[in-house]
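J.: what's the 3D shape of this:
(chains A and B)
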Number of protein chains: 2
Amino acid sequence: MLNHPQLDLVFQALADPTRRDMVERLGRGPASVSELAAPLDMSLSAAVQHIDVLQRSGLVRSEKVGRVRTCRLEPAALQPVEQWVGARRSSWERRLDRLGDYLADE
Amino acid sequence: MLNHPQLDLVFQALADPTRRDMVERLGRGPASVSELAAPLDMSLSAAVQHIDVLQRSGLVRSEKVGRVRTCRLEPAALQPVEQWVGARRSSWERRLDRLGDYLADE
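T.: From the prediction side, this is the model:
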């Protein structure tokens, strides 16, 4: 499997419960930075740092209109994660199948 | 969705290409620490540190017999990741469906 530097950033971005909450929130529709920060017990600047990590991973993009920055999810950025995890599962299932065949032959 | 501290550790463990390589290798069967370290351009002690991170995440367990520590994959530890990513995808697809319905009504 090819190495995928973006995969590092996506896994890293998802390794934090606050950032996963933000991704879940954005899955329901775009939100401003304040709307993302509101349900979280943290300062706006702490929220902005988490949003930056999400943006670098490609999971989120944002656009500033006037004084409001609106964030949107980029669901395609989750695909490499799904593919990697899916490939591990199929490889593991093939191994179990071979073990099953071996035990059946015995 | 419930918070899942183990999910932090699994995403963290997978955010590194060396550790993903180790998981891929262990998907083909158990391996000793030296076997895991051999194809990687790193010291044995650096490899052990990566293995420790994988063990703390629950993705890998190991057993020492004599002087040889053998590592095995715990594929069940990938399930929470699959579930989380899958839930995000379904939530996103439901949103697209609603948007499609709305556009069809217009």
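J.: angle of the worst-scoring helix or strand of chain A on mean pLDDT against helix B:79-105?
T.: Sorted by mean pLDDT, DSSP states H and E, the helices and strands of chain A end with helix A:79-105, the least confident at a mean of 83. When axes from the mean of the first three to the mean of the last three C-alpha atoms, to 10 degrees is applied, the directions of helix A:79-105 and helix B:79-105 differ by 120 degrees.
J.: flag every buried residue along helix A:79-105.
T.: Residues of helix A:79-105 classed as buried by neighbour count (16 or more other C-beta atoms under 10 Å in any protein chain shown): A:81, A:84, A:85, A:88, A:91, A:92. Any C-beta I mention is one placed from the backbone N, CA and C, and that applies to glycine too.
J.: tell me the contacts of the second one?
T.: This points to residue A:84. Residue A:84 sits next to A:1, A:4, A:7, B:14, B:20 when contact means C-beta atoms under 8 Å, 6 or more residues apart in numbering or on different chains.
J.: check the first one too.
T.: By C-beta under 8 Å, 6+ apart, residue A:81 lies in contact with A:7, A:10, A:11, A:14, B:81, B:85.
J.: and those residues as a markdown table, adding distance to residue B:47?
T.: Putting the contacts of residue A:81 into a markdown table (distance: C-beta to C-beta, whole Å) gives the following:
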| residue | distance to residue B:47 |
| --- | --- |
| A:7 | 20 |
| A:10 | 24 |
| A:11 | 20 |
| A:14 | 25 |
| B:81 | 23 |
| B:85 | 28 |
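J.: if we take those residues, which one ends up nearest to residue B:26?
T.: Residue B:26 lies nearest to residue B:81 out of these, by C-beta to C-beta, at 16.0 Å.
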